[in-house]
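**Student:** got a structure for you, letters missing:
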């Protein structure tokens, strides 16, 4: 115990910084606002300044009287009692000169605080009362795209019109981020459900989510991403949406990219989560192919057979870019024009050069049994044809008349050149058909193109557009029609008018085909269609028949394309089977013009002919995007084949590219591509951390669907409809 006390007393005592005794130190109280002006010299007076900062110093002490004597009371820290002592009257003999008191540190602090508060209040008052107060209250500079709205906060924040002082009165603080999102949508169109995830309704998005989870599972996310997803607990219900400000943060400077998001931000909501493209991203499936091509072009057969043929080798392309080019945005590889890549081999085929029958029959007359169609079933003058079939175009032009349509139905499958004489119903139907055809020729010769258009309108049950009218008539003139059928029906006008007005049918008489030598152009055989309609048009072949043919003028022939567009969907036509027969005639594998050889026919969405290849649609936003223009300059010697590998097929394989385009197969989702699905490893070879960007938004869009921008952007070219008429 003694030892402990000894050790305790040996602990050194820290010296005091200041003595607080009255006689040892002039202690400065914290409530003093003023201090003596001589404090810095260590000679401050005892009394110090008064509350207003006036010096109160008089003498060094106040003498104390004891009995008959006065004693000096100067404190010891100022030197103690002076030698002179007080004056006889009791006054100190050592007066103190007046000083200039200064404010204490506490007083200065208080003053500064008051000034700061005053300046703050003044600034706030100025900000709330001034027309330009919004600039003072702005949390930061706007991005470059929104710089024009820097002085008008109400463009993005509801209830902040005018001076900031009005914001409080308007209750601006009560507006939620969802309410302000409506202001964003005044300039940005991102679909019909803009605040729903990916701009898709819950009913549409949920099946995609379920299918993705079944296919890929939960993935292999990092612990940090899983924890962030658990904490955020984003509600994906149909009643809740994501405000624009959830992903797009403003007031971060003019160089800020509002569309830039991190991979974790994107994956925070996804059911399948992963670390990066190289680690965990699901493998591609059927990418980039999700349907058959619109233009039928078999790369395999062309590369393997046609381009190796000596007759065509000189026209073979040297690389993919000889036939393909990027669109204006660089995303889609377009096919170069027909004239640049296809005409050298296929132009003559389309025009029918060298073909026995280069044109398509438009009007022809079937051989009728003149021995059966006599008496009350007489048909008047009729061309003595060599068993010509009834043209489907004629059937269509007649089908608008219910009587003629009924007559054609009764004659289905009947040989018109050998009619059953005992079957009065069929004989009557044959007579009705014959006079209907003669009336068609007469009306076309009198009213011309208007009659043709009127009959088509009646057969299809709708009115043709101006563009359709121009295409279907193809400059057919009444003079051409009359010249072709004048020899077959020398008394057509009288016969038709008598039949219509007096119900009088002229006696049946077969008219032989006129001799070409008697045409008035000299003796000898006339030129073939290959010569005198080499560039297309209407003609009648010099084969002893009275028929009207049309020969294509070349690629993008208006006549063929217009008729195909009209006949591709004829559910509302007066006689759908007749319309289908016309379409089948135009799209047969070896039909005149060979349109269906390259142009596929789709039944989804709706029946239509694909006259153009895939065209970039500036209003269509899918989940995936890819820039071909950014990659073309980086490809190796293999070019496009660096990524697109040919899918060579065995000759015994039934599932080939061509098998998806068999006649009657119009489902675009059924296909067999010439190329293999792109392997993810091809992309990963470049797109990986510390090498090339691999963030989600490089290849994916968030807002999907078909929508156009409210504010037009330069460089956006409207897409051509897939069923556009050439």
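**Tutor:** Received the coordinates, thanks. Since we're looking at a predicted model, the values are computed, not measured.
**Student:** got a list of contacts for stretch 310-319?
**Tutor:** Contacts made with stretch 310-319 from outside it, assessed by CB atoms under 8 Å, 6 or more residues apart in numbering, are listed as 306, 307, 308, 323, 341, 344, 345, 639, 640. Every residue, glycine included, has its C-beta placed from N, CA and C.
**Student:** now do 6 Å
**Tutor:** Defining contact as CB atoms under 6 Å, 6 or more residues apart in numbering, one finds that stretch 310-319 is touched by 306, 307, 323, 344, 345, 639.
**Student:** run a quick neighbour tally on the second one.
**Tutor:** Right, residue 307. As a burial measure, residue 307 scores 14 neighbours (other CB atoms under 10 Å).
**Student:** next one: the fifth one
**Tutor:** Under the neighbour criterion other CB under 10 Å, residue 345 is assigned a count of 16.
**Student:** that's a helix at it, yeah?
**Tutor:** Yes - assessed by DSSP: H, G, I helix; E, B strand; the rest coil, residue 345 belongs to a helix.
**Student:** check contacts around it.
**Tutor:** When contacts are counted by CB under 6 Å, 6+ apart, residue 345 is found next to 312, 315.
**Student:** what does the first one give?
**Tutor:** Taking CB under 6 Å, 6+ apart as the definition of contact, the neighbours of residue 306 are residue 312.
**Student:** same check, this time on the third one
**Tutor:** For residue 323, the set of contacting residues under the criterion of CB under 6 Å, 6+ apart consists of 317, 336, 341.
**Student:** retrieve the pLDDT associated with the residue nearest to it when sequence neighbours are not counted.
**Tutor:** Nearest-residue entry for residue 323: residue 341, 4.6 Å, with adjacent residues in sequence omitted and distances by CB to CB, 6 or more residues apart in numbering. We note a pLDDT of 93 for residue 341 in this prediction.
**Student:** ok so, going back, which of the contacts of residue 323 ranks first by neighbour count?
**Tutor:** Ranked by neighbour count (other CB under 10 Å), those have residue 341 at the top, with 17 neighbours.
**Student:** now the residue nearest to residue 323. Its backbone dihedrals?
**Tutor:** Note on residue 341: its backbone torsions stand at phi -120, psi -20 [degrees, to the nearest 10].
**Student:** ok, now how distant is it from residue 299?
**Tutor:** As defined by CB to CB, to the nearest Å, residue 341 lies at a distance of 13 Å from residue 299.
**Student:** kindly report the same for residue 71.
**Tutor:** If you go by CB to CB, the gap between residue 71 and residue 299 works out to 125 Å.
**Student:** out of these two, which sits in the busier spot?
**Tutor:** Between residue 71 and residue 299, residue 299 has the larger neighbour count (other CB under 10 Å), namely 17 against 13.
**Student:** so the residue nearest in space to the middle of the chain bridges to which residues?
**Tutor:** Centre of the chain computed as the mean C-alpha position; nearest residue by CA atoms, centre = their mean is residue 620, 2.4 Å away. With beta bridges defined as DSSP bridges, residue 620 has these partners: residue 706.
**Student:** swap in residue 550?
**Tutor:** Per DSSP bridges, residues listed as beta-bridge partners of residue 550: residue 360, residue 538.
**Student:** going forward, begin numbering at 719 instead of 1
**Tutor:** Fine by me, first position is 719 from now on; the one you just mentioned is residue 1268.
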